[in-house]
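Q: my questions are about this predicted structure, shown below with the sequence.
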Amino acid sequence: MLDQHAGSTMLFEPAYLKVAPGDSVTFRPVNRSHYVKAIAAPTGAHKFSSAEDEPLTVKLEQPGLYVYVCPPHLMMAMIGAIQVGEGESVKPQVPAAVKSVRELRSRMLSNGQRAEALVSKMEEIR
């Protein structure tokens with residue numbers, strides 16, 4: 001979770017991550033006033049959330065797509081996704097994940113191309 005990176009502001013780096021079921025991912029707030037909150041997760045999976053300015057490690061057991069935001073910076077499209085697994089274990093969850101991103105798009109006042117980039121990555125799974 002960064003304020004700035006490679007000419008962009010308020011972002012998760014990387015914004016899209018592919019991992020295997022059972023892998024762990026750590027969210028680290030490099031700068032202050034960031035936290036992570038899952039807005040979409042596979043059926044049966046826990047939607048994670050961290051405290052502000054605190055790192056969070058999540059073990060991702062359930063295959064599918066996890067979409068998350070930094071709520072204080074959603075208006076700047078601070079959004080990301082994790083793909084857990086490949087192929088048929090993930091494909092059925094693409095429509096719901098895409099919908100969750102598109103529903104938030106109107107609240108993103110800047111950097112909206114990030115949302116579209118995530119949607120494109122997710123739609124490549126089909």
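A: It's in.

Q: what about the spatially closest residue to Lys18 that is not a sequence neighbour, neighbour count?
A: Nearest non-adjacent residue to Lys18, counting by Cβ to Cβ, 6 or more residues apart in numbering: Gln83, 4.7 Å away. Placement of C-beta: from N, CA and C, glycine included. Neighbourhood size, Gln83 [other Cβ atoms under 10 Å]: 22.

Q: pLDDT on the host helix or strand of Gln83, on average?
A: Using DSSP states H and E, Gln83 sits within strand 79-84. For strand 79-84, the mean pLDDT works out to 97.

Q: and the helix or strand following that strand, which residues are buried?
A: Using DSSP H and E, the helix or strand that follows strand 79-84 towards the C-terminus is helix 94-104. Going by neighbour count (16 or more other Cβ atoms under 10 Å), the buried part of helix 94-104 is Val94, Ala97, Val98, Ser100, Val101, Leu104.

Q: do I have it right that the fourth one meets Val67?
A: So the one you mean is Ser100. Yes. Taking contacts as Cβ atoms under 8 Å, Ser100 lies within contact range of Val67: 5.1 Å.
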